[in-house]
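> 3D model of this:
(chains A and B)
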Protein chains: 2
Amino acid sequence: MVTEDTPANHTLKIYDRELDHLAEVIGRMGEMAENQLAGAVRALVERDPELGAQIAGNDAQVDALEFETHELVVRLLALRQPVARDLRTILAALRIASELERIADYAANVAKRAVALAHILAVEPIGGVQRMGRFAHAMIRDVLTSYQKRDLESAMAVWLRDKELDEMYTGVFRELLTYMMEDPRSIAPCAHLLFIARNLERVGDHVTNIAEALHFQIKGEPFREPRPKADVSAFTIVEPRV
Amino acid sequence: MVTEDTPANHTLKIYDRELDHLAEVIGRMGEMAENQLAGAVRALVERDPELGAQIAGNDAQVDALEFETHELVVRLLALRQPVARDLRTILAALRIASELERIADYAANVAKRAVALAHILAVEPIGGVQRMGRFAHAMIRDVLTSYQKRDLESAMAVWLRDKELDEMYTGVFRELLTYMMEDPRSIAPCAHLLFIARNLERVGDHVTNIAEALHFQIKGEPFREPRPKADVSAFTIVEPRV
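As a prediction, this is how the structure comes out:
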């Protein structure tokens, strides 16, 4: 089909390009958030304070991309006055940018703690945290693929995986407390590890928010099912063995 | 001035009523978030597990108000196609609803931990956490007043106070670690207190986000100054005295 180059068509083409640009900025933000988390966990596992400091320093770039998204969204809403699916696509992008900014924020916090930990103890029980990091990273990667493909089914499959991350977190929380009880020298590093585990658990929550934003974009209504929560750590009581 | 009741005027009146309704829902959400936080801290201080469970159970009501805001915003954007200040007011409301939902979320988490703590130890060092709770609560209350009055100057004064909350948090973090090192029986309750303190510190961040959303609404551009961050706990190294 040959499309006539009328002024109306021209406006539509610019509009489409703007929507594509919005999706592209979200894609870049997603990639950055993903890399930030992977780098933060690597800095922790490899006890690499330089890498940790670098990851923490990168956070401003993610914030800048969120600003860019926000400006694009305001412009699109004001100039194009979108309705229906286009409106939902734009609002979902705004939401997803905010979720990615928070994921990157948690990654930066993990990176800062990795710097602190590299200076304290030689051996900490980081196996559980490392597994959580790998799991959370795969969740981000997969939900971003779902978003790019507008594939709600696979996004909902990622959404369901958050329960497993929560279970891992509850286990790590209990494990770390027992280490702290056994050796007072492990208290300071394990406190950092507790927060790192908590950050990774929160990353999972933001991934489920992204899946829910895609649900709204595609289905036109918010996703109302209660989260499959398995994080019971807030209620957890661990008694010392002594 | 007598306004003629033309169809155009009629539409404008409905539109104004919708904008008022949006502000009213945000007001209700703000009040709930504020009460949830105050209740959670009271449940902790008074060792009242019933109150804690009740606060945790209320969280669904805040979520419902966020859904309501979201639906209102989508309707307003689609039907009224607002521009300039109206558009910014609507987008700011969307952002603020999301911040309030997160504040309430942190309050619910504090409440759950208050339930756990009421069942563990008789005495914990909760003084610092209590002060943080009072401080965070005042910040929410004041930023909401600024929002209702569209008073940017007072909102920015609240924004600046976050630094003090961060400093309190860093102090509480160090204090709790020393308690944990002195007595292994305090490790489990103090781990909960660490997370409670962290939650309260995060509440302050969301309050600053609300102040920034009001800045965008009034000034038409995002607030770009770097946060006056004083939370250095992620870098903190505390060595045991033993």
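
> make it CA atoms for all contacts and neighbour counts henceforth
Fine.

> which secondary element of chain A has the worst mean pLDDT?
Every helix and strand in chain A was compared by mean pLDDT, DSSP states H and E; the lowest is helix A:7-45, with a mean of 92.

> list the buried ones in the helix or strand following that helix?
The element immediately downstream of helix A:7-45 (helix or strand, assigned by DSSP states H and E) is helix A:49-80. By 16 or more other CA atoms under 10 Å in any protein chain shown, the buried positions in helix A:49-80 come out as A:49, A:51-56, A:59, A:62-63, A:65-67, A:69-70, A:72-74, A:76-78, A:80.

> re the thing from before, angle of the least confident helix or strand of chain A against helix A:49-80?
160 degrees (axes from the mean of the first three to the mean of the last three CA atoms, to 10 degrees).

> quick one: is helix A:7-45 near chain B?
No. Counting by CA under 8 Å from any CA of the partner chain, chain B is not contacted by helix A:7-45; separation bottoms out at 13.1 Å.

> and that helix, how far out from the chain middle?
Centroid separation for helix A:7-45 versus its chain: 14 Å, with CA atoms, centre = their mean, to the nearest Å.

> which strands or helices does it pack on?
With contacts taken as 3 or more CA pairs under 8 Å, 6 or more residues apart in numbering or on different chains; DSSP states H and E, helix A:7-45 sits against helix A:49-80, helix A:84-118, helix A:127-149.

> once you drop chain neighbours, what's closest to the residue nearest to the spatial centre of chain A?
Of all residues in chain A, the one closest to the mean position by CA atoms, centre = their mean is residue A:103, 3.4 Å from it. The shortest distance from residue A:103 to any non-neighbouring residue, by CA to CA, 6 or more residues apart in numbering or on different chains, is to residue A:203 (5.4 Å).

> check which helix or strand that neighbour maps to.
helix A:187-219.

> and that helix, how far out from the chain middle?
With CA atoms, centre = their mean, you get 6 Å for helix A:187-219.

> what do you get for stretch A:164-171?
For stretch A:164-171, the distance to the chain centre is 16 Å (CA atoms, centre = their mean).

> what of stretch A:63-77?
A distance of 19 Å separates the centroid of the chain from that of stretch A:63-77, by CA atoms, centre = their mean.

> swap in stretch A:83-94?
20 Å.

> and if you look at stretch A:100-108?
6 Å.

> need the contact partners of that stretch.
If you take CA atoms under 8 Å, 6 or more residues apart in numbering or on different chains as the criterion, stretch A:100-108 is touched by A:29-30, A:32-34, A:36-37, A:40, A:55-57, A:59, A:62-63, A:66, A:199-200, A:202-203, A:206.

> also stretch A:20-29?
Counting by CA under 8 Å, 6+ apart, residues outside stretch A:20-29 touching it are A:62, A:65-66, A:68-69, A:72-73, A:93, A:96-97, A:100-101, A:144, A:148.

> hmm, try it at 10 Å
Stretch A:20-29 is touched from outside by A:14-19, A:30-35, A:61-66, A:68-70, A:72-73, A:76, A:89-90, A:93-94, A:96-97, A:100-101, A:104, A:144-145, A:147-148, with contacts defined as CA atoms under 10 Å, 6 or more residues apart in numbering or on different chains.

> what secondary structure does residue A:159 sit in?
Three-state call for residue A:159 (DSSP: H, G, I helix; E, B strand; the rest coil): helix.

> over to residue A:221?
Under three-state DSSP, the three-state class of residue A:221 is coil.

> name the nearest residue to it, sequence neighbours excluded.
residue A:215 (7.4 Å).

> ok, the one you found - contacts?
Shown in contact with residue A:215 (CA under 10 Å, 6+ apart): A:92, A:147, A:150-153, A:155-156, A:209, A:221-223.

> and what of residue A:91?
Contacts of residue A:91 (CA under 10 Å, 6+ apart): A:73, A:77, A:85, A:97, A:213, A:216-217, B:70, B:73-74, B:91, B:94.

> rerun at 6 Å
By CA atoms under 6 Å, 6 or more residues apart in numbering or on different chains, no residues touch residue A:91.

> ok, back up a step: for the contacts of residue A:215, which ChimeraX command selects only the ones that are buried?
With 16+ other CA under 10 Å as the criterion, this ChimeraX line picks the buried residues out of these:
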select /A:92,147,150,151,152,155,156,209,222
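
> which one of the contacts of residue A:215 is nearest to chain B?
residue A:222 (7.6 Å; CA to the nearest CA).

> which ones are touching the closest one?
residue A:216.

> which parts of chain A sit against chain B?
Within chain A, the positions lying close to chain B (CA under 6 Å from any CA of the partner chain) are A:78, A:81, A:83, A:112-113, A:116, A:181, A:184-185, A:188, A:234-235, A:238, A:240.

> min pLDDT across those, which one?
Lowest in pLDDT among the residues of chain A next to chain B is residue A:240, which has 52.

> what's the local residue count around the spatially closest residue to residue A:234 that is not a sequence neighbour?
Residue nearest to residue A:234 in three dimensions, not counting chain neighbours: residue B:113, with 5.1 Å by CA to CA, 6+ apart. Neighbourhood size, residue B:113 [other CA atoms under 10 Å in any protein chain shown]: 30.

> from chain B, how far off is residue A:190?
10 Å (CA to the nearest CA, to the nearest Å).

> not counting its neighbours along the chain, what's nearest that residue?
Nearest one to residue A:190, counting by CA to CA, 6+ apart, is residue A:176 at 6.1 Å.

> residue ranges with poor pLDDT in chain A?
A:1-5, A:121-123, A:227-229, A:237-242 (pLDDT under 70).

> 90 - rerun?
A:1-16, A:118-125, A:221-242 (pLDDT under 90).

> hmm, back to that, tell me which helix or strand the residue nearest to residue A:190 sits in.
helix A:152-182.

> who are the packing partners of that helix?
On a contact count with 3 or more CA pairs under 6 Å, 6 or more residues apart in numbering or on different chains; DSSP states H and E, helix A:152-182 meets helix A:127-149, helix A:187-219.

> now the ones you listed in CSV, with distance to residue A:8?
CSV is the format used below for these (distance: least, CA to CA, whole Å):
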stretch, distance to residue A:8
helix A:127-149, 28
helix A:187-219, 26
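
> okay, those, which one's buried deepest?
Stretch with highest mean neighbour count among the helices and strands packed on helix A:152-182: helix A:187-219 (a mean of 24; mean count of other CA atoms under 10 Å in any protein chain shown).

> and residue A:167, how many residues sit next to it?
Neighbour tally, residue A:167, other CA under 10 Å: 18.

> ok, it - contacts?
A:230-231.

> residue B:128 is nearest to which of the helices and strands packed on helix A:7-45?
helix A:84-118 (22.6 Å; CA to CA).

> what number of residues lie near the residue nearest to residue A:63 when sequence neighbours are not counted?
Using CA to CA, 6+ apart and skipping residues adjacent in sequence, the residue nearest residue A:63 is residue A:101, 6.3 Å away. Counted by other CA under 10 Å, the residues lying close to residue A:101 total 25.

> repeat for the one 4 residues further on
As a burial measure, the neighbour count of residue A:105 was computed by other CA under 10 Å and equals 22.

> one more: residue A:157?
16.

> distance of the nearest residue to residue A:147 once chain neighbours are set aside from residue A:24?
In this structure, residue A:147 finds its nearest non-sequential neighbour in residue A:214, 6.6 Å apart by CA to CA, 6+ apart. Residue A:214 is 16 Å from residue A:24, where distance means CA to CA, to the nearest Å.

> just say helix, strand or coil for residue A:226.
coil.

> just the one 5 residues further on next, same as before
Per three-state DSSP, the secondary structure class of residue A:231 is coil.
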